[in-house]
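Asker: Just to be clear, the model below is a prediction. Sequence and coordinates:
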Amino acid sequence: MAFELPALNYAHSALAERGMSQETLELHHDKHHQAYVTALNGFVEKNADLQGKTLEEIVALSYKDPDLAPVFNQAGQHWNHIHFWNALSPEGGRIPGTLEGKLVESFGSVDQFKEAFKAAAVGQFGSGWAWLIQTADGSLAVTKTPNGVNPLATGEGTALLGLDVWEHSYYVDFRNRRPDYVSNFLDKLANYDFAESNLA
């Protein structure tokens, strides 16, 4: 069965007042993400070893396999973007109690978490992602990955909240001001309820 582009949980215009325009969502979700899905389906169609596998299985199978690098690029980005659309909310920015407690426990304060996340997102050279993860010991940490790599592939931990820092995710709204895009995400767009739901 072919992979499909998931529908957004909100209207394309729903995030505009919080810093992500309708134009960005139409380009990013409808065009960029759709292109990853289309390309991935093309690879699966031509490779019997990939047929019938889940997206997560394909990500794990193709990561660090040079012969499957093109497959991983599409599968990783499909997985990352499914996560990303859920990590955004028209009511974003409010941190629920359980997650707040874990952030304070792991980083010292919510502000220190935001500083660490922003440093990772801004410090990712070129295209990639910044992540809030839960590690094997239950503590929270911030990490960054290049291109379409994600914590599912690396095994670093469980992805709680991911931010796309490819230029196409912010250039319409923020031009080259990635730090402003990251701050806006953390304060106004981040779906911390979704992050809390991903806690083990």
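Answerer: Noted; the coordinates are in hand.
Asker: okay, the residue in the chain sticking out farthest from the centre: pLDDT?
Answerer: Largest separation from the mean C-alpha position in the chain: residue 48, at 28.4 Å (Cα atoms, centre = their mean). For residue 48, the model assigns a pLDDT of 97.
Asker: now swap in residue 96 and tell me
Answerer: 98.
Asker: Spatially nearest residue to it, not counting backbone neighbours?
Answerer: residue 196 (5.1 Å; Cβ to Cβ, 6 or more residues apart in numbering). Heads up, the C-betas are built off the backbone N, CA and C, glycines and all.
Asker: helices or strands up against the helix or strand that contains the one you found?
Answerer: Taking DSSP states H and E as the criterion, residue 196 maps to helix 192-197. With contacts taken as 3 or more Cβ pairs under 8 Å, 6 or more residues apart in numbering; DSSP states H and E, helix 192-197 sits against helix 97-107, strand 158-164.
Asker: Please dump the ones you listed into CSV; it should also carry distance to residue 42 and mean neighbour count for every row.
Answerer: Formatted as CSV, the helices and strands packed on helix 192-197 follow (distance: least, Cβ to Cβ, whole Å; neighbours: other Cβ atoms under 10 Å):
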stretch, distance to residue 42, mean neighbour count
helix 97-107, 38, 16
strand 158-164, 23, 23
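Asker: Nearest to residue 73, out of those?
Answerer: Across the helices and strands packed on helix 192-197, residue 73 has its closest neighbour in strand 158-164 (14.4 Å, Cβ to Cβ).
Asker: hmm, back to that, quick check: mean pLDDT across the helix holding residue 196?
Answerer: The pLDDT scores in helix 192-197 average 98.
Asker: Tabulate the CA atom coordinates of it in CSV.
Answerer: Taking C-alpha atoms only, helix 192-197 is exported to CSV below (Å, rounded to 0.1, in the frame of the first residue of the first chain):
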residue,chain,number,x,y,z
TYR,A,192,3.9,20.9,23.9
ASP,A,193,0.8,18.8,24.6
PHE,A,194,2.0,16.6,21.7
ALA,A,195,5.5,16.5,23.1
GLU,A,196,4.1,15.4,26.5
SER,A,197,2.0,12.7,24.8
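Asker: got the domain boundaries for this protein?
Answerer: The chain breaks down by automatic domain parsing into domains covering 21-86, 97-197.
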